[in-house]
Each structure stands twice: as structure tokens, then as C-alpha cells.
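Asker: predicted model and sequence follow; I will ask about them next.
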Amino acid sequence: MSAEPVKTLLEKSRPGASGSQITDNDFGEPAVGHYFDASQLRTTAIGLPELTESEIVRHFTALSKLSHGVDNGAYPLGSCTMKYNPKRNDVLAALSGFRNAHPHQPPETLPGLWELYFHLQRYLCEITGMFAASLVPAAGAHGELAGLLMIRAYFEHINQHRPILLITDSAHGTNASSAAMAGFQCWLVPTDPDGLLDMQMLDTMLGESVAGLMMTNPSTLGLFEENILEIADKVHACGGLLYYDGANMNALMGIARPGDMGFDVIHVNTHKTFSTPHGGGGPGAGPVAVNRLLEPFLPGPVIIHNGDAFMPDQDRPHSIGRIKSHHGHVAVLIRAYAYILTMGALGLRQVSENAVLNANYLQARLADMFPPVFNRLCMHETLLSGSRLETETAYFAKKLIDQVLHPPTMVGAGCVYFPGDLKSAMLIEPTETESLDSLDAMIEVFRDVFSECSDGSTDT
Amino acid sequence: MTEPVTPIGYNTHRQSDIRLMLERMNLPDIDALFAAIPAALRLQQPLNLPLPLSEWELAKHVRTLAASNATTETHLSFLGGGAYEHHAPAVIDAIVNRGEFLTAYTPYQPEMSQGLLQALFEFQTLLARLLGKPSVNCSVYDGATAAAESAWMMVSISGKKRIAVAESFWPEWLEVIRTYMRGRDVEVVVIRAREEDGRLDQDGLNQALADGKTAGILVQTPNRFGVIEDIASLSAIAHDHGVLSCISWHPLLTGILKSPGEMGADIVCCEAQSLGIPLSAGGPYLGVIATSQAYEKYLPGRIVGRVFNQQGRELYALVKEEREQHIAREKATSHICSNQALQAIRATLFLALLGETGFARLAALNTEKAHYLARQLTDLPGVELTFRSPFFNEFMLTVPCTTMPLLEKLRSRCIFAGIAVDYPGLDRGRHLLIAVTEVKSRAELDAMVQAFEVVLMETVA
């Protein structure tokens, strides 16, 4: 990773070179300026680089060598869930029957797409214990926005004014930001000393102006909210709804279901739970699923089985409306579908069991150096304290990188937020696709770097 | 529960591994790991899902589903409406399928992600040139959410909770804008298109902006009729009223026209699917927003910059994160977590491969082929261009019969001839939006004209 910097395309540009052959034997090189308003015609160059195809391939190959993916090695970023992305799913997502279909084709010309969507909706409902689903949200945060807009639409529908949304203080930043976008005011529910939602504070915060509570379970601290049934009762008793941020659903497949816990609306992140590649930031997909009460509010398209055809439901008068230009991230959702069909019920349960096993294994084997912040078994990820480190965690992270190990999630480097005084904590999530050998190798690197940091050698 | 014996799918542990790990942790069995979950919540039977499929069984099943869909390969397609059938050079797939890009996470850890960060930085640089604004984010979900996010930017910048939106936006995008604005109680005022030329009604715009309560205008070009708007005049009107101007732009237009930034737009948003991204029945695509440095703090999405690390070495990193949800939470101006990074790399490759000359040629070919087809079709009796305004690679026809049977008959000849358009003030069921890109040969265009003529005769008669 310490190779020489790569010049940019613009720095390498050789005007007059070409990486494509934009020629046309029928139409030649047409002059088209006369079709437009003269005042709008461009008079200066855009400034795009010009290189040959081979130069461009080498440029991006060089850049790829300065990047790290799950294909390269372990990626134990807590809360990000970087598991292996199956190659067969990439191939299936690129089949011409999907890749070259146009979103404005008449719906009856896309029967295979709707059939796949319909079954994926059903599988997601079965896995999460919900009633109905929409696959259209583009990402987890987009699913949150859709879910919260449904909660809002529901209360508008029953003429209740509930402007407050409760969010756990360990929630992903997107929770608070989604709430703001959906027009809610956020109140943060604190975490108790055991790392769980503070039940007493919840009691004092619930009331008639509260639309609901948004939480992750297992939480971002890697713990199962064991009071969840009581929490659901409390929220429902005051007329509120319970939102499940499915970011950590990968810990629970075949083991427990948010629908059974009392959640009214959920989203899942397909890359975390269903192995779709993260693409260096995206594209993802964030399907939403709801109970019977909220079904009318789902964003379209929702695919129904009508007689013998699968079709988008055209009659959804209470829907929150469109949240995206077309039918969602088809090429991502195909991969999630293929993953579920490869794993089956038992395979998915193994996934969650092994994810939790691996996290606990790391927690146990690293405890002498990095004691767990909450001294108990964790779920799919573990929050470890850096208090015994004699250096800053950032320095520790740099040293891990020198050993070509991607560091875990730390404050300021990742999509999570640690409540309270946990500045030196790190969140590790190995995922189920790391083998025992890989985990042991990871532990070995941690041990080496930890002792290096304890020798007082803080040279750069 | 039945205990699976061998690891299924991508699970790695053998039973012996699991036993060894549990032993080392002094745990009796896997169940002990889930003790925190109340017994009442533990599933007592397996999920009701199909049995696991082998790779060949899965492939056969998914291939069967795929094969039942019509595509641009089974049909001669003139569909557009915001998504276009362009050629994507083979290099693009070859590069973005490299695991270092495809299987990477968001580059929060700069030292591990210099290549990915540089690719995204180069994306921003090239898009800044294409859109004519210096500050570019490295993506939001698609053109529709880019427009909605831009509307919200104008509200945040101005502190006014009303936006004026052209009614000539793609109908689906207008719906997305409305959904987003409803969340934050922003009033959406729509401005009509003029019946004589399909362009935005400037008098209507002036009136809508007169009371000074509007944050900004949001206009799409080419609009839902394929008509190219007069960006410079519209931006000037906005500025006369002291409001912001945001243009939703087709990025290929810069191959011919001045960039929207050059023509006065304060914010430019776009759907960049045309830059090397497959149709994929609607997604994933690529939304982009560009603006001036002054408004950068209102940009949603990530921004990559060049910074110096503690050792004084220059490197690429995510910058200006104080706008983003993971830092600012409920006060964030960026809600984006997963974005469209891989699609942004596709667009960067596309622009690099075409280069200055190739890009201009591509835009010219799109224009010429669309105009060629428009000329041939309007030679047919009763068929005319609805508006005599400039268009790019998509145009609207008025036809002498109802469009739906016409489209259906052409479809039975394996032609997707276009999208039926209805707009208040236009004759209902008489309008057709037709898109033509570089991939159509003259023979294909002529075949379309021939089929169109035959079907038109049948339908009119």
C-alpha cells in the first residue's frame, strides 16, 4: 500500500490519443450545431483527458492495487459487515435479460423481473417476520427514510400529531438524519451501564407526541436488546410504532425475527445480510418491510401475484409515493435473491451462528489486550476497549495497516457512533466468511502490534 | 432443530472448527451464544425458504427468469424517458469487476483506499468540467433523488420553504421530489410548460417568484418532451428575483452545448446513467450534484479531497465530513451512507475512454440519428413534431391516432417505439416520446420508419 502515487488521468492525458472508436459508417462525423440555439453552443473545450485504452486499463489497474476489498483479505470493520461477495451472483446480475431491460418497458414484458421481485419480497418477509415488503429503496439510509415517511403517513392518516421520534444514542448516524428528513424531531434514548437501552429513561420519554422508537437489534454495540418485548409493549401502549434498523439482521437469520419482537417497520441492508458487494461505497439496496397496519403506505413498486401473473400493484392510493426514479437497484437485488436461494433456511442460520461465533471468538482471544467494553457475550460484532493500549488507537490502526490488515472501526473512521466516553474503543466484526485460520492470523497480528505499541516505540 | 453437518454455501467452518472454537471459549454449544435472546423469541423451526440450490441449479433458474424478459437485444428499442441505451465499452466491466473496487467498503480508512479515493477524486474532477461547477459530490442514488436533494439544498441555503419546479420534469422524478419535500414540509409550486414550444413558461415563473418566498427554481433539460430549455434566460430570471437556479442536466449535452454552470445555474444535478451504466431495468444508476464552493457545505454525499497526513505526505481522503450523517447526525446536510461509488467509477472510465473528441462525437451522433429518425417519421402523413424547439436525442411526436394501440402493434413486431406522453393542455393519447442513441444503425432506423408507417395505416384505418 506504500507504492508511489499514481498521476491523474488529466496529468497523463495526451491530447489526440483515443481510448474508444466513436465512428459511424452510416452517419460519419455529422455537424449538428444548427439544430440548437446558437447562444447555447459550446465555444471552449470541456477538458476531458485523452488516453489510449491500454493506458486507461493500466491506470485503473494501478489504482486497484492501492485499494482493499474483501477479495484481498479480512475486512473486520465493525457495523459495516464486510463478508465475502459470491462471484456467481455477479454473473447472474449481469445476464442480458436483466442488464438490457429498460425500466420504461411495458410491465408485461418483464415477467421474470417481477417473479424474482415477488419471491424476494416473500423471502425477506419470512426471514424478518413481516407482512409485506418493497424492494425499491436504494440503500439502508434510503430504506430508513422510506420507513419513517410511512410512519409519518400513518399518523397523518389517523389524524394524530406525533412530531417526536426516539432514537437510541448508539444508533447509526443515518437514523437521526433520516428522522430529520422525514420531518421528525429526534430525542436520544441513553444506553444503560450494561450497554442496553435505558428502560427508565424510555418510560419518561414516551408519550402522546412520540411517533415511535427507532432501534437496531442487536445494537451497534454488538448486544442483543434483551428487553425488546417489554420495549415493544411500552411503545405500542402509548400509541407509537417501533422501527427496526436491520443493519444487524445478519446476526439473527433463522434464530429470531424482528416481526416477532414487535417491530412495525424495518429495513435491511442487502450487503450486510445478503452478501451483495459494497462497491467501494455502493450501490447497495435497502428493502423495507412492514406489518399489516403499514402495508398500504409502502413505496411502489410492490409486486403482487395477480391470477397467474406477477405484476406491480398499480392501486396504492395511500402509498408514501415514489422515492426513486424506477424499480430499485435491480442488479443488487438479483444478487440478494441468488444468495438466499444458495443458502436456504439452514444455510442462513449457519451464517448468523458463525457470524456470532466468530465475533465471540475474537472477543475471547483478544480480551487480555483489549477487554470487551461490556463484559458479556456479544452478537455479530464486539466493542473492545483500547484502555490497555499505551498508544492512541489511531497509531495502533496504522501499525495494523503496515501488517496489511484492515483496522476495525474506530471513532471517526466508520459509519458508527459510540456513546459516552468510548473514544479509544474499537468495533470488530469478522463476519461468518472468515475461517478459523484467518481469525487466528488476525489475532496474531493484533498481538504483535499490541506488544510493539507497548514497547514504547512510537516512531513514525 | 436439525443440525446441518457440512457448511452450506459460503459458510467456512467445519463441525470440527466449531467444536474447537467453542472449547477454547469454554462454551458448551452454539446455542449458548444466543442466551441473551428471550426463549419466546427463538425460532422453533427452520425458516420457510426453498432448499439450497447448487450453482448450476441456481444458474438455470435465474437464467430462465432473465430469458423471459424482453430487452434491447430482443426488441428494437426507442425507449428513453431518463434512461438510455448507450454503448458501454468493455473496459468498464473489466475494471469495475476487479475485487479491489467491487468488494471494497466506503473508503473511510484512507491508507487502505488510496486507489479507490483517487478514482472518485478523478470522477469529481471530470464531472466538475462536464457540469460547469467546481464542487461535485461522489454520488447520490439517481437523477430523481439528485433533483430532490438539490431542492432541499436550495431550501437550506435560502431558509425559504418553497421551491418552484418545472412541471416538465420526468413525471416519476417530480413524484420523488414531492415525496422528499413532503418530509420536510417544503411547498412545491409547479411551473407549466408553454403550449407553443414546450419550454418553461417564463411569465408563469416570474409570477411564481414575485412574492420573494421561493428558495429556488428546479428545471430539467431536455425536459419530458425532449425539448431543450433556455437555461441562461431561466437562470437570469431566478437571479433577478434573488433566488437560486438548479438545473437537472443530461450530461451528454455538454458534448455540444455550454455546461449549465457556464449558463448560470447555481446547482447542477444529473442522472449519469448515460455515462457507461447499463439499463438494468432501472438501477443502480448514478445521481450527481455539482455546485459552487460557497454552497459546498450543503452538498449531500461524500467528497474526496487531497490532504496531508501527520507525516506530511499528501494523500486522498474523504473531506468535509462535518456535513455528513455519521458526524452531524440530525443536523446533517448529507443523509447518504451507501452511495453509488462503483457507478461513479464506471462514469470516470467512460469519460476517460471517450476523451474530449470521442465525447463530442458521441453527442453529435446521438443528435444526428435522432434528427434523422424525426425527419423520416414526420414525412409520414399526419405525424409531426409536437414542438418546433431544439432537441437532443429524444423528441416528441403528435400522431394521427391513439398511441397505445400503435405502440402495442409495433411491440408485436419487436419494436419498443417509445413512451406514451400525456400532459394537461395536449391532446390526450396522441403523443409519443422517442429516444435514439448512437447504437442504432441507419438500417434499424429505416426499419422503424417502415414498421411505423405500416402500423400507422392500420391504426388510422
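Answerer: Thanks, I have it. Residues are numbered from 1 along each chain as shown, chains lettered A, B, ... in the order given.
Asker: and the lowest mean pLDDT element among the helices and strands of chain B?
Answerer: helix B:325-328 (a mean of 84; mean pLDDT, DSSP states H and E).
Asker: does it reach chain A?
Answerer: Yes - using Cβ under 8 Å from any Cβ of the partner chain, helix B:325-328 comes into contact with chain A via B:Q325, B:H326, B:I327, B:A328. In this view, the C-beta of every residue, glycine as well, is placed from N, C-alpha and C.
Asker: give the next helix or strand downstream of that helix.
Answerer: helix B:341-378 (DSSP states H and E).
Asker: confidence score at A:L341?
Answerer: pLDDT, A:L341: 98.
Asker: burial check on it, number of neighbours?
Answerer: Residues lying near A:L341 (other Cβ atoms under 10 Å in any protein chain shown) number 24.
Asker: next, the contact list for it, please.
Answerer: By Cβ atoms under 8 Å, 6 or more residues apart in numbering or on different chains, the contact list for A:L341 reads B:P50, B:P52, B:L53, B:L58, B:H61.
Asker: swap in A:P287?
Answerer: Applying Cβ under 8 Å, 6+ apart, the residues near A:P287 are A:120-121, A:124, A:133-137, A:143, A:267-268, A:270, A:328, A:333.
Asker: what separates the closest residue to it other than its chain neighbours from chain B, distance-wise?
Answerer: Once flanking residues are discounted, A:P287 sits nearest to A:L135: 4.6 Å by Cβ to Cβ, 6 or more residues apart in numbering or on different chains. Distance, A:L135 to chain B, by Cβ to the nearest Cβ, to the nearest Å: 10 Å.
Asker: same check on A:D24?
Answerer: Taking Cβ to the nearest Cβ, one finds A:D24 at 6 Å from chain B.
Asker: what does A:M214 give?
Answerer: 12 Å.
Asker: who does the helix or strand hosting that residue touch, helix- and strand-wise?
Answerer: Take DSSP H and E as the rule and A:M214 turns out to sit in strand A:210-216. Using 3 or more Cβ pairs under 8 Å, 6 or more residues apart in numbering or on different chains; DSSP states H and E, the elements in contact with strand A:210-216 are helix A:140-157, strand A:164-168, helix A:228-237, strand A:241-246.
Asker: close to chain B, is the first one?
Answerer: Yes - between helix A:140-157 and chain B, judged by Cβ under 8 Å from any Cβ, the touching residues are A:G140, A:A141, A:H142, A:L145, A:L148, A:L149, A:R152.
Asker: list the buried residues of that helix.
Answerer: A:140-155 (16 or more other Cβ atoms under 10 Å in any protein chain shown).
Asker: tell me the angle of that helix relative to strand A:164-168?
Answerer: What separates the directions of helix A:140-157 and strand A:164-168 is an angle of 150 degrees, with axes from the mean of the first three to the mean of the last three Cα atoms, to 10 degrees.
Asker: which neighbouring elements make contact with helix A:140-157?
Answerer: helix A:173-181, strand A:210-216, strand A:241-246, strand A:265-268, strand A:288-290, helix B:171-183.
Asker: put the alpha carbons of the strand holding A:M214 into CSV.
Answerer: Coordinates of each C-alpha in strand A:210-216 appear next as CSV, following Å, rounded to 0.1, in the frame of the first residue of the first chain:
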residue,chain,number,x,y,z
VAL,A,210,-44.0,10.3,20.3
ALA,A,211,-44.4,8.7,16.9
GLY,A,212,-42.1,5.8,17.8
LEU,A,213,-38.8,4.4,18.6
MET,A,214,-36.1,3.5,16.1
MET,A,215,-33.6,0.9,17.1
THR,A,216,-31.1,-1.7,15.9
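Asker: show the contacting residues for the spatially closest residue to B:R442 that is not a sequence neighbour.
Answerer: Nearest residue to B:R442, sequence neighbours excluded (Cβ to Cβ, 6+ apart): A:D26, at 3.9 Å. Applying Cβ under 8 Å, 6+ apart to A:D26 gives the contacts B:S441, B:R442, B:A443.
Asker: quick one: B:L53 and B:H61 touch, right?
Answerer: Yes - with contacts counted by Cβ atoms under 8 Å, B:L53 reaches B:H61, the gap being 6.8 Å.
Asker: okay, now the domains of the chain?
Answerer: In the absence of a named chain, chain A is used. A:88-341, A:348-454 (automatic domain parsing).
Asker: oops, wrong one, chain B.
Answerer: If you go by automatic domain parsing, chain B breaks into B:76-85+B:355-460, B:90-350.
Asker: deepest in the core, which of those domains is it.
Answerer: domain B:90-350 (a mean of 23; mean count of other Cβ atoms under 10 Å in any protein chain shown).
Asker: chain center to it, what's the gap?
Answerer: 10 Å (Cα atoms, centre = their mean, to the nearest Å).
Asker: and stretch A:132-150, by the same measure?
Answerer: 12 Å.
Asker: now do the end-to-end distance for that stretch.
Answerer: The first and final residues of stretch A:132-150 sit 13 Å from each other (Cα to Cα, to the nearest Å).
Asker: also stretch B:147-167?
Answerer: End-to-end for stretch B:147-167, by Cα to Cα: 13 Å.
Asker: can I get the residues of helix A:140-157 next to chain B in CSV with distance to A:C378 and pLDDT?
Answerer: Listed next are the residues of helix A:140-157 next to chain B as CSV, based on distance: Cβ to Cβ, whole Å; pLDDT from 0 to 100:
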residue, distance to A:C378, pLDDT
A:G140, 21, 95
A:A141, 25, 95
A:H142, 28, 97
A:L145, 29, 96
A:L148, 28, 97
A:L149, 33, 97
A:R152, 34, 97
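Asker: just those residues now: which is nearest A:M82?
Answerer: Lowest distance from A:M82 to the residues of helix A:140-157 next to chain B (Cβ to Cβ) belongs to A:G140, with 14.4 Å.
Asker: thought that closest one was touching B:C337?
Answerer: Yes - assessed by Cβ under 8 Å, A:G140 is found in contact with B:C337 at 6.2 Å.
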